[in-house]
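A.B. asks: here's a sequence, model it:
(one chain, ligands or ions: 2)
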Amino acid sequence: MSLPTEFVGSYPDPLHPLDPVLPEIALLGRSNVGKSSLLNALTARKGLARVSAAPGKTELLNVYRLPAGYLLDLPGYGYAKRSQTERRRFRALLEGVIRERPSLSGVVWLLDVRHTPSTADAEIHALLVEAGRSVLPVLTKADKLSAAQRRVALRERTRELGFAEDELLLTSSTTGLGLVELRESILQAMTGRR
Ligand code: GTP
Ligand code: MG
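C.D. replies: Ligands and ions are numbered 1, 2, ... in the order given. The predicted structure is shown next:
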């Protein structure tokens, strides 16, 4: 099953209003963590979101329409090679979405399963908690680890992030691991079904 999805548009304004007003779920994570790839895999429409080998390719608030709501693809944070000006602009976009978007229902927070969360990850998490956002933590690129390495990494990320082990969803856009569960969680968040 894939989510039927339509591209709506790209906007520089974090508060750009959408018509009709529907629940929104944002994909957040470090630059290069795999946000756009995950969006493509979830919707099973190749090339829908912009995916890059070089990080830093998503620069605006990109909006995709599902029947029950919207998915928001955003620029990644924590990319050191960006200019000050760019970093400030991306930061303002992310903060605006997290703090102020009235119809934002929740956030899918992406972390690379292989890496200890960075300072930038910790800052975003603090912002999400402060804004009272509901967060679904998702670990990406599981295909880069063996089954044994995955078990170790899952335990470590759980401990570092302070979530329960069954709250972290392990995914791979390459193999499709965890995508059925992620689609289900996103739909639930949009429709309020349990
Ligand atoms: P920004 O928009 O720059 O913040 O990046 P992003 O988070 O949208 O990452 P993107 O989807 O562009 O992916 C970055 C790189 O990681 C690309 O080379 C992808 O092919 C690769 N990648 C993404 N997801 C996976 C995955 O599940 N497995 C593997 N092996 N590679 C992945
Ligand atoms: Mg992207």
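
A.B. asks: chain neighbours aside, what residue packs nearest to Pro14?
C.D. replies: Of all residues not flanking Pro14 in the chain, Gly96 sits nearest, at 2.7 Å (Cβ to Cβ, 6 or more residues apart in numbering). For glycine as for every other residue, the C-beta is placed from the backbone atoms N, C-alpha and C.

A.B. asks: how about the one you found, what does it touch?
C.D. replies: 13-15 (Cβ atoms under 8 Å, 6 or more residues apart in numbering).

A.B. asks: that's a helix at it, yeah?
C.D. replies: Yes. Counting by DSSP: H, G, I helix; E, B strand; the rest coil, one finds Gly96 located in a helix.

A.B. asks: Arg183 in helix, strand or coil?
C.D. replies: Applying three-state DSSP: Arg183 is helix.

A.B. asks: nearest spatial neighbour of Thr171, skipping sequence neighbours?
C.D. replies: Using Cβ to Cβ, 6+ apart, the closest residue to Thr171 is Gly178 (3.7 Å).

A.B. asks: against Thr43, how distant is the one you found?
C.D. replies: 15 Å (Cβ to Cβ, to the nearest Å).

A.B. asks: for Thr140, same thing?
C.D. replies: In terms of Cβ to Cβ, Thr140 sits 16 Å off from Thr43.

A.B. asks: more neighbours: which of those two?
C.D. replies: Thr140 (26 against 20; other Cβ atoms under 10 Å).

A.B. asks: and the more buried one, how close does it get to Gly76?
C.D. replies: In terms of Cβ to Cβ, Thr140 sits 12 Å off from Gly76.

A.B. asks: what's the overlap in contacts for these two?
C.D. replies: Between them, Thr140 and Gly76 share the contacting residues 29, 33, judged by Cβ under 8 Å, 6+ apart.

A.B. asks: where does the prediction get shaky in this protein?
C.D. replies: Low-confidence segments of the chain (pLDDT under 70): 1, 44-58, 193-194.

A.B. asks: touching ligand 1 at all, the longest strand seen in it?
C.D. replies: Looking across the chain with DSSP state E, the single longest strand is strand 104-112. No. Using Cβ under 6 Å from any ligand atom, strand 104-112 stays clear of ligand 1, coming no nearer than 6.8 Å.

A.B. asks: and for stretch 145-165?
C.D. replies: No. Judged by Cβ under 6 Å from any ligand atom, stretch 145-165 stays clear of ligand 1, getting no closer than 10.0 Å.

A.B. asks: quick one: contacts for the residue nearest the centre of the chain?
C.D. replies: In the chain, the residue lying closest to the centroid (Cα atoms, centre = their mean) is Leu27, at 2.3 Å. By Cβ under 8 Å, 6+ apart, the residues touching Leu27 are 35, 38-39, 71-74, 107-108, 110.
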